[in-house]
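curious how this folds, go ahead:
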Amino acid sequence: MRYSIIIPVFNRPDELRELLSSLTRQTYRNFEVLVIEDGSQDKADTVVAEFANQLTIRYFFKENSGQGFTRNYGFERASGDYFVIFDSDALIPEHYFSVVNERLTNDWLDAYGGPDAAHPDFTAVQKAISYSMTSPFTTGGIRGSKKNLGGTYHPRSFNMGLSRNVWETIGGYKMSRMGEDIEFAIRIIENGFTTGLIPQAFIYHKRRTNFGQFFRQLRFFGRSRINISRYYPAELKLVHAIPSLFTLFLVSIPVWALISRVLFGLAIGALVLITLLIFMDATRKEKNLNVGFLSVVATFVQLTGYGVGFLSEGWKKLREPKGFRETGASLEYPS
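Prediction:
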């Protein structure tokens, strides 16, 4: 089977170079690579040219429209039987396509997702952020389970594949951002296609390199979850509110100090217990005390960032007039 790898890029030529380099080492080689430049100022055309003799690769430049529509642009120009989407800040292990091809040959999936992991060469902060996005103590851990909430696996676009038949049947992304991969996965499942996680098809996902960027990214994720609920109310689960509850809990701690010493003590005790559990789990997994400590920080940033975005967008949704979705909202609302 021939694969078409779709890579949207926006002002990240250096990251793209590392991603393309990792693709040259694949043990399964029947694929093409389509790099779609989404209106970048810092273009990656010269980076793509470096790999012209090592990969079957094509480069396209288009006006900026967001990553969802940029992936659609790649789908329209792909020649493969199966499309694979990567974020530009990923590194692909050499066994990736061998694993995927073996799974699809023996047990077909119309669309699949794979987990992410921290590369040994990542910085301590990157490893901590990776931990927080896959930890059982955060909602990020849901993405690594074989079934998402509701009993069916929802692939995510940082590491995702879909058959040409899926694309030809339902089309591509209807949103350029603000939860575009969630909406896309929902439509794939609603149309009766089979989805699943391929655990061994993991990638090394760099994500953000500092906690400030990470907070802003997770705040956007929290807003996106509320935005999706405007169109798919049943997709909003209680677990999605956990970061908001954690955020409210942190904010309330000073209040408990004024109300009751006992309640304040219980709140501090709970916070200490959560901190220790995260620290011990992260240290055990990463075998590094520094990463364990930074994982506590990353987890708190992840939860509060998502929680703030979820609460702010939820409040905005509550204040929208009745019938707003039918009359005034688009899939891109709000900006």
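
switch to C-alpha atoms for all contacts and neighbour counts from now on
OK.

distance of F31 from P115?
Per C-alpha to C-alpha, to the nearest Å, F31 is found 21 Å from P115.

so where do the helices sit in the protein?
Here the chain has its helices, by DSSP state H, at 13-23, 45-50, 67-77, 96-106, 124-132, 164-170, 180-190, 211-229, 242-259, 261-286, 289-318, 324-327.

what helices and strands are in contact with the third one?
Think helix 67-77. Helices and strands touching helix 67-77, by 3 or more C-alpha pairs under 8 Å, 6 or more residues apart in numbering; DSSP states H and E, are strand 3-9, strand 31-38.

how about those in JSON lines, adding mean pLDDT?
Below are the helices and strands packed on helix 67-77 laid out as JSON lines (pLDDT from 0 to 100):
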{"stretch": "strand 3-9", "mean pLDDT": "97"}
{"stretch": "strand 31-38", "mean pLDDT": "97"}
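
so who does the closest residue in space to F31 that isn't next to it in sequence touch?
By the measure of C-alpha to C-alpha, 6 or more residues apart in numbering, the closest residue to F31 outside its immediate chain neighbours is Y3, 4.5 Å from it. Taking C-alpha atoms under 8 Å, 6 or more residues apart in numbering as the definition of contact, the neighbours of Y3 are 30-32, 80-84.

same thing with R17?
For R17, the contacting residues are 47-48, by C-alpha under 8 Å, 6+ apart.

sorry, back to before: ChimeraX command for the buried members of the contacts of Y3?
Burial among those is assessed by 16 or more other C-alpha atoms under 10 Å; the matching ChimeraX selection reads:
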select :31,32,80,82,83,84
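
need the contacts of Y3 in a markdown table with distance to N191, can you?
Written out in a markdown table, the entries for the contacts of Y3 read as follows (distance: C-alpha to C-alpha, whole Å):
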| residue | distance to N191 |
| --- | --- |
| N30 | 29 |
| F31 | 27 |
| E32 | 27 |
| G80 | 22 |
| D81 | 19 |
| Y82 | 18 |
| F83 | 18 |
| V84 | 19 |
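
isn't N30 right next to R2, touching?
Yes: with contacts counted by C-alpha atoms under 8 Å, N30 reaches R2, the gap being 5.3 Å.
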